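J.: Only the shape, not the letters, is given here:
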C-alpha cells in the first residue's frame with residue numbers, strides 16, 4: 001500500500017476495525033474511508049455496490065462481522081450465520097466487480113475442528129467436526145476463506161485471509177450475554193468488587209486452555225499481511241501463549257483487585273478444551289506479538305474503568 005492509496009476499513013467502529021484504523025494512521029496512511037452501519041448496511045448488496053462505485057477504494061480490510069461469545073453464538077445461530085455470510089458475500093463479490101487491488105478477510109480460530117491436533121495448523125481446516133456451540137459462526141468464516149480462495153482461483157483476485165486467535169483490547173464488548181470470555185470476566189470482577197460481593201461465578205470448569213492476542217498486535221499483523229503477503233492460503237495470527245480459563249480468572253481478579261472467591265459453574269459449557277494456533281507462517285513473514293497478557297489486560301481494564309466512569 002502506498003500512502004496515497006484509498007483504504008476502506010469495514011467495521012471501523014468495532015474492536016478490530018478501530019485498531020486497524022489507528023494502526024494505519026500511525027504509519028501515515030490518511031486516505032481512509034469508512035461508513036457506520038447506520039450509513040451503510042453491509043448485508044445489502046445494492047448498498048455495498050453503490051458504495052464501491054462511489055468511493056472506489058484501492059484496498060479493503062474486511063473486519064466487519066456479527067460477533068459474540070458462547071452464549072450469543074449458541075442462541076442466535078441463524079443471525080450469526082446469515083449476517084456474516086451476507087457481509088462477506090457482498091464485500092468480497094463487490095471487491096471483485098469493482099477491481100479492488102487487494103482485500104484482507106478476517107476470520108476466527110473457531111473455524112478449526114473441535115478435536116483437531118494442537119497447535120492448530122492452517123492445513124487442519126475441514127479435517128473434522130466443528131464445536132457445536134459456535135458452528136454457524138465458524139461455517140460463515142470458513143465460507144469467507146473459501147470465497148477469497150475461489151475468487152483468486154477463478155478471477156485472479158488478490159484476496160487473502162487471516163485467522164486471529166481470541167482477541168481483547170480497546171473497544172471490546174463487555175455485555176455479559178454477548179461478549180467473549182476475557183471482557184466478560186473483566187466486567188464480572190469489576191462489578192463484584194464495586195458491589196462488595198463475596199464471590200464471582202465463572203462458566204465451566206476453568207480447565208479449557210485459550211490463547212489471547214491484544215487487538216493492537218492483530219492490527220499490526222493485518223497491515224504486515226496487506227503489504228507483504230499475497231498467497232492463496234489463509235494465515236493464523238496468534239500470540240503463541242496459552243492460559244487456562246481458571247488461571248485467567250485469577251489473573252483478572254488480581255488486576256481488578258477483587259478479593260473474594262471464584263466459583264466455577266460446572267453446569268455451564270466449557271466449549272473446546274484447547275485452542276492454540278500455530279502462527280509459524282506469519283512469524284516467518286516477520287511478525288510476532290509484542291504485548292504481554294498481564295500488561296495488555298491491565299491497560300484494557302484501565303480503559304474499561306475510564307469508560308465506566310464517563311457513562
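T.: Received, thanks. Being a predicted model, the structure only gives us computed values, none of them experimental.

J.: Count the residues that sit near residue 225.
T.: Residue 225 has 22 neighbours, counted by other CB atoms under 10 Å. Using the backbone N, CA and C atoms, a C-beta is placed for each residue, glycine as well.

J.: so what's it closest to, chain neighbours aside?
T.: Distance criterion CB to CB, 6 or more residues apart in numbering; nearest residue to residue 225, sequence neighbours excluded, is residue 162 at 5.7 Å.

J.: just checking, the one you found touches residue 219?
T.: No - using CB atoms under 8 Å, residue 162 makes no contact with residue 219, being 11.0 Å away.

J.: which residues touch the lowest-mean-pLDDT helix or strand in the chain?
T.: Least confident helix or strand, the chain: helix 70-75 with a mean of 74, by mean pLDDT, DSSP states H and E. Residues outside helix 70-75 that contact it (CB atoms under 8 Å, 6 or more residues apart in numbering): 80, 133, 134, 136, 137, 177, 178, 181, 203, 269, 271.

J.: Can I have the buried ones of those residues as a ChimeraX selection?
T.: Per 16 or more other CB atoms under 10 Å, the buried members of those correspond to this ChimeraX selection:
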select :80,133,134,136,137,178,181,203,269,271
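
J.: Show only the entries of the contacts of helix 70-75 found in helices.
T.: 80, 136, 137, 181 (DSSP state H).

J.: Among these, give me the pair with the biggest separation.
T.: Distance extremes for these: the farthest pair is 136 and 181 at 18.9 Å, using CB to CB.

J.: quick one on the thing from earlier: for residue 307, state which of the contacts of helix 70-75 is nearest.
T.: Using CB to CB, residue 178 comes nearest to residue 307 of the contacts of helix 70-75, at 16.8 Å.

J.: residues touching the closest one, list them.
T.: With CB under 8 Å, 6+ apart, residue 178 has these contacts: 68, 69, 71, 72.

J.: Including distance to residue 47 and neighbour count, could those go into TSV?
T.: As requested, those are arranged in TSV below (distance: CB to CB, whole Å; neighbours: other CB atoms under 10 Å):
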residue	distance to residue 47	neighbour count
68	24	21
69	29	22
71	30	18
72	25	21
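
J.: The residues you listed: which two are farthest apart?
T.: By the measure CB to CB, 68 and 71 form the most distant pair in those, at 7.3 Å.

J.: gap between the closest residue to residue 244 other than its chain neighbours and residue 273?
T.: Spatial nearest neighbour of residue 244, excluding adjacent residues (CB to CB, 6+ apart): residue 209 at 5.5 Å. Separation of residue 209 from residue 273 (CB to CB, to the nearest Å) stands at 7 Å.

J.: and if you look at residue 119?
T.: Distance of residue 119 to residue 273, given as CB to CB: 14 Å.

J.: Which of the two has more residues huddled nearby?
T.: Remark: of residue 119 and residue 273, residue 119 carries more neighbours, 18 against 15, as counted by other CB under 10 Å.

J.: Give the partner strands of the one helix or strand the residue nearest to residue 225 maps to in its sheet and their orientations.
T.: Here residue 162 sits within strand 159-164, counting by DSSP states H and E. Strand 159-164 has these partner strands in its sheet, going by DSSP bridges: strand 102-106 (parallel), strand 235-237 (parallel).

J.: quick one: low-confidence parts of the stretch 1-150 of the chain?
T.: Along the stretch 1-150 of the chain, no part satisfies pLDDT under 70.

J.: show me where it has strands.
T.: 7-10, 32-33, 59-62, 102-106 (DSSP state E, counting those that start in this stretch).

J.: deepest of these, which one?
T.: Highest mean neighbour count among these (mean count of other CB atoms under 10 Å): strand 59-62, with a mean of 27.

J.: just how off-centre is that strand within its chain?
T.: With CA atoms, centre = their mean, to the nearest Å as the basis, strand 59-62 stands 15 Å off its chain's centre.

J.: what does that strand contact?
T.: Residues from elsewhere that reach strand 59-62, judged by CB under 8 Å, 6+ apart: 1, 5-11, 17, 20, 87-88, 91-92, 95, 100-106, 144, 222, 226.

J.: Now do the buried residues in the strand or helix carrying residue 190.
T.: According to DSSP H and E, residue 190 maps onto helix 181-195. Residues of helix 181-195 classed as buried: 181-193 (neighbour count, 16+ other CB under 10 Å).

J.: between these, which is nearest residue 245?
T.: Of all these, residue 245 sits closest to residue 181, with 6.4 Å by CB to CB.

J.: What about residue 244, how many residues nearby?
T.: Counted with other CB under 10 Å, residue 244 comes out at 15.

J.: Contacts only, for it.
T.: Residues near residue 244 by CB under 8 Å, 6+ apart: 206, 207, 208, 209, 210.
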